[in-house]
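J.: Have a look; sequence and predicted model below, questions after that.
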Amino acid sequence: MILVTGATGFLGAELVFQLLKTEEKIRCLKRESSVIPKKLKAFANKIDWLVTDILDFADLEGAFEGVTQVYHCAALVSFDESLKAKMLQVNAEGTANVVNLCIQFGVEKLVYVSSVAALGTAKADKLIDENCFWEGFEIKDAYAVSKYRAEMEVWRGIEEGLNAVIVNPSVIIGADAGTSGSGAIFESVKNGLNYYTRGGTGFVDVEDVAKCMILLMRKPVKNERFIINAENLSYQNLFKQVAKEFGARVPNKLAKTWMLNLAWRFTSLKNMLFGKKGGINKTLIKTAEKVSHYDNQKIKAQLDYQFIPLNQSITKVVNGLKSA
């Protein structure tokens with residue numbers, strides 16, 4: 001039996017969708033408040049849905065009966081530093097529970113979804129690869145710390161005899177993201193974004209991430225981590241491509257550092273005065289100005305894999321939002 005955590009999420013749903021092409025039955029975990037994605041509703045007879053709290057070890061234990069393979073996708077993703085404690089709980093403690101149960105039940109293999117946020121920085125003019133490790137916590141945001149600690153739980157499990165693979169996807173895009181997560185970038189450009197930032201990062205299609213995870217599970221490879229990244233792109237070029245696909249105005253003004261700092265401070269003050277949350281914050285600004293480019297040679301060599309070209313993924317996402 002295959003078990004998938006976070007199966008109602010953007011990546012989890014795509015993973016389950018692909019697994020169902022070859023599997024007769026899959027066990028999927030969801031929270032009480034989670035909504036089953038539209039793309040999975042047609043497979044109700046092939047999915048064993050269990051309402052489970054990943055932080056409740058006893059509750060989670062029952063889900064592992066008869067399980068041989070685990071895909072751990074469940075996570076809390078946010079740039080909101082006020083959610084640090086919650087992210088550490090869900091992402092690190094939740095992963096510790098999954099790892100411990102994999103060991104307890106003798107699971108054959110675990111594929112864990114980490115993030116490029118858990119990787120260290122590269123030397124000048126070098127791409128970030130799987131051998132880039134952290135040198136400290138002092139400059140990392142809450143989400144990155146939570147995913148790094150979650151990875152440490154998986155490595156601890158490996159030391160205790162668990163067969164596992166860690167994947168570190170870059171920014172995952174896809175039509176099913178809607179207008180949240182990475183989809184918010186596309187929605188902002190569609191609505192007439194004027195500014196671009198200096199930064200850039202890696203992007204990958206959700207279909208590629210799911211395919212790589214399944215291939216890694218089925219291959220004998222174990223106890224390694226792999227960056228899953230299709231292409232590196234500046235935010236300026238991303239916005240330009242998205243705008244052209246939408247037939248919208250191309251953002252042509254550089255958002256300078258002082259402007260961004262003023263924006264997040266104003267948002268912080270407004271949130272404090274009116275008791276609100278969200279919007280631009282310091283962590284988001286830092287990410288928007290940072291250039292982080294990733295090396296995908298390890299996963300390509302391991303799987304002999306070719307990623308969906310980013311321009312095709314962008315077109316697919318835009319068409320999905322147009323028809324939504």
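T.: Arrived safely, thanks for sending.
J.: where do the helices sit along the stretch 101-250 of the chain?
T.: Residue ranges of the helices in the stretch 101-250 of the chain, as given by DSSP state H, counting those that start in this stretch, are 142-159, 183-190, 206-218, 235-246.
J.: can I get the ones you listed in a markdown table with mean neighbour count?
T.: No exception for glycine: its C-beta is placed from N, CA and C like everyone else's. As requested, the helices of the stretch 101-250 of the chain are exported to a markdown table (neighbours: other C-beta atoms under 10 Å):
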| stretch | mean neighbour count |
| --- | --- |
| helix 142-159 | 20 |
| helix 183-190 | 19 |
| helix 206-218 | 21 |
| helix 235-246 | 19 |
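J.: now those as TSV including distance to Thr315 and mean pLDDT?
T.: What follows is the helices of the stretch 101-250 of the chain, written out as TSV (distance: least, C-beta to C-beta, whole Å; pLDDT from 0 to 100):
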stretch	distance to Thr315	mean pLDDT
helix 142-159	29	94
helix 183-190	11	85
helix 206-218	14	97
helix 235-246	6	92
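J.: got the ones you listed as JSON lines, with distance to Ile173 columns?
T.: Output for the helices of the stretch 101-250 of the chain, formatted as JSON lines (distance: least, C-beta to C-beta, whole Å):
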{"stretch": "helix 142-159", "distance to Ile173": "18"}
{"stretch": "helix 183-190", "distance to Ile173": "8"}
{"stretch": "helix 206-218", "distance to Ile173": "7"}
{"stretch": "helix 235-246", "distance to Ile173": "9"}
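J.: looking at these, which is closest to Val111?
T.: Among the helices of the stretch 101-250 of the chain, the nearest to Val111 by C-beta to C-beta is helix 206-218 (5.1 Å).
J.: which residues of the stretch 1-150 of the chain fall in strands?
T.: According to DSSP state E, counting those that start in this stretch, the stretch 1-150 of the chain carries its strands in the segments 2-5, 26-30, 47-51, 69-72, 109-113.
J.: Neighbours of the nearest residue to Leu216 once chain neighbours are set aside, how many?
T.: Distances taken as C-beta to C-beta, 6 or more residues apart in numbering place Val165 nearest to Leu216, at 4.9 Å, with adjacent residues excluded. Number of residues near Val165 (other C-beta atoms under 10 Å) recorded here: 22.
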